[in-house]
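Show me how the following folds:
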Amino acid sequence: MSIKIGVLIGSLRKESFSKKLLKTLKEVAPGSIDLENVEIGNLPLYNQDYDDEGNPPSEYTEFRKNMKKYEGFLFITPEYNRTMPAVIKNALDVGSRPYGESIWDGKPGAVISVSPGALGGFGANHQIRQALVFLNVPAMQQPEAYIGDIADYMDESGNIKNESTLEYLKSIMESFAEWVKINKKA
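As a prediction, this is how the structure comes out:
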């Protein structure tokens with residue numbers, strides 16, 4: 001039986017490189033993990049008052065409930081202005097509350113950042129990792145996954161064009177599957 005992994009994508013646009021990359025990652029991932037895209041674009045901005053008053057938006061409640069089924073998380077993200085996209089930060093905040101009920105706690109994760117620029121989303125990748133440390137998500141350390149010049153690696157349909165990039169992505173997913181196996185909660 002495969003391990004369910006929740007995938008959070010940091011780009012909301014239709015033609016997102018991050019969304020296109022997920023398709024390839026599903027193809028190269030080992031059968032031991034099952035990658036499922038988690039919709040995070042509909043979450044209202046986090047406001048602690050909702051939880052303090054016992055009246056969280058239904059989107060918060062549904063998100064928190066849904067996320068409990070996953071045994072690990074994969075974040076695929078672009079970089080906006082050298083930082084993580086707001087949609088990911090918001091999902092991390094919504095999932096971490098109410099205090100003491102974090103959906104992230106102790107579940108393994110990994111971050112893959114992509115960019116049409118040369119740096120490969122380095123800043124966003126590390127900001128997400130920084131948040132994961134606080135949220136007690138053991139984040140996979142190696143191989144690091146910063147994919148710069150992503151547009152050059154994809155054809156017009158979003159398929160990866162070169163074999164060495166496919167092999168690299170496959171190695172990332174194999175390492176992540178092993179990371180999840182070792183670090184998943186009992």
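
How is Lys4 assigned, secondary-structure-wise?
Following DSSP: H, G, I helix; E, B strand; the rest coil, we place Lys4 in the strand state.

per-residue pLDDT, it?
Among the per-residue scores, Lys4 shows a pLDDT of 97.

quick one: it from Asn183, how far?
Going from Lys4 to Asn183 by Cβ to Cβ, to the nearest Å gives 15 Å. The way it works is simple: take the backbone N, C-alpha and C, and place the C-beta from them, glycine included.

Among the two, which residue is more densely surrounded?
More crowded of Lys4 and Asn183, by other Cβ atoms under 10 Å: Asn183, with 17 against 14.

ok, that one to Phe176 distance?
In this view, Asn183 and Phe176 are 10 Å apart by Cβ to Cβ.

Quick check: neighbours shared by these two?
Gly72 (Cβ atoms under 8 Å, 6 or more residues apart in numbering).

Which residues outside the strand or helix carrying Asp49 are in contact with it?
Per DSSP states H and E, Asp49 falls inside helix 48-52. Contacting residues not belonging to helix 48-52 are listed as Pro56, Pro57, Tyr60, Arg97, Pro98 [Cβ under 8 Å, 6+ apart].

Next: stretch 160-167.
Against stretch 160-167 from outside (Cβ under 8 Å, 6+ apart): Thr24, Val28, Ile147, Tyr153, Met154, Asp155, Leu169.

Only the buried subset of these, as a PyMOL command please.
Burial among the contacts of stretch 160-167 is assessed by 16 or more other Cβ atoms under 10 Å; the matching PyMOL selection reads:
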select buried, resi 24+28+147+153+154+169
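
The spatially most central residue of the chain bridge partners, please.
Of all residues in the chain, the one closest to the mean position by Cα atoms, centre = their mean is Phe75, 1.3 Å from it. Phe75 has these beta-bridge partners by DSSP bridges: Leu8, Val111.
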